[in-house]
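In: the sequence and its predicted three-dimensional model are supplied below.
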Amino acid sequence: MASENICQKLNNKFTRFALWSDTKVRQRTLTDVPTRPWIVFKYCIYLHACSSLLAIALGIACFCYSVQNSFPYTEVNCSDGTDVFVPIANLMTAIVGVVAFKQGHLAWNAFLHFLFVLTMIFYNTFAFCDTILMTNRWVIRSYSPRTDANWPQKFAWIDSSIAAIMLLNLTLCGIMTFIHLVYHRDACGWQRQRERALIINAGRNSTLLSAGI
């Protein structure tokens, strides 16, 4: 009986939390975003999808290429999985973003995209730092290569290209998070002020029309 009561209480708390969170999320949608930030948001989503696909292709190519040519060294370039896993996570975020953008009137899609891009800021930061450190290691090895082909120099160029794309993804996620916070979720209250101003202006116009002015 005691365990049933505890489960019932937990279930009631989760139900109240679910209803509360649903109410909060449904208060705003992407249709609340003004025109200019909306255009920026649209291009950021599509660019994020394209850069993620490119990063996945480069990450897979980097690993396959490095497995064949890293044998003179104790480390295989792009072998820690960061160059593939993080771009895949970025692509999943971009797909969620495209769905949220196409269905801007649905609140939960936009909110999920907001959570995704917020998470990807940390993922992309970690992946960018990891790739930069890996690039630095290969640059150091390129000064004294063990073969005439100087594979470390080539690995460094590949890693720096991947790092540049990850930095681009990090920047895009930062921009989209800003738009979500400021315009979508209205963290600064700017949208509420704008809505109140529109309501006041509409009231004044209706008063003037009714007065025949």
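Out: Everything's here; your move.
In: what's the spacing between the nearest residue to Gly59 once chain neighbours are set aside and Thr125?
Out: With Cβ to Cβ, 6 or more residues apart in numbering as the criterion, Gly59 has its nearest non-adjacent residue at 3.6 Å, and that residue is Asp83. Every residue, glycine included, has its C-beta placed from N, CA and C. Separation of Asp83 from Thr125 (Cβ to Cβ, to the nearest Å): 15 Å.
In: neighbour count winner among the two?
Out: Shown here are Asp83 and Thr125; by other Cβ atoms under 10 Å, Asp83 has more neighbours (29 against 15).
In: output the contacting helices and strands for the one helix or strand the more buried one maps to.
Out: Assigned by DSSP states H and E, Asp83 belongs to helix 82-102. The contact analysis (3 or more Cβ pairs under 8 Å, 6 or more residues apart in numbering; DSSP states H and E) places helix 82-102 against helix 35-69, helix 107-142, helix 151-179.
In: which of those helices sits closest to Phe101?
Out: When the helices and strands packed on helix 82-102 are compared for distance to Phe101 using Cβ to Cβ, the nearest one is helix 35-69, at 5.4 Å.
In: and that closest one with helix 151-179, angle?
Out: Put simply, helix 35-69 runs at 160 degrees to helix 151-179, going by axes from the mean of the first three to the mean of the last three Cα atoms, to 10 degrees.
In: contact partners of stretch 148-165?
Out: 51, 54-55, 58-59, 61-62, 65-66, 69-70, 72-73, 77-78, 83, 87, 128, 131-132, 134-135, 138-139, 141-142, 145 (Cβ atoms under 8 Å, 6 or more residues apart in numbering).
In: rewinding a little: just say which of the helices and strands packed on helix 82-102 is most tucked in.
Out: Among these, helix 151-179 has the highest mean neighbour count (mean count of other Cβ atoms under 10 Å), at a mean of 21.
In: next one: that one to chain centre, how far?
Out: In terms of Cα atoms, centre = their mean, to the nearest Å, the centre of helix 151-179 is set 13 Å apart from its chain centre.
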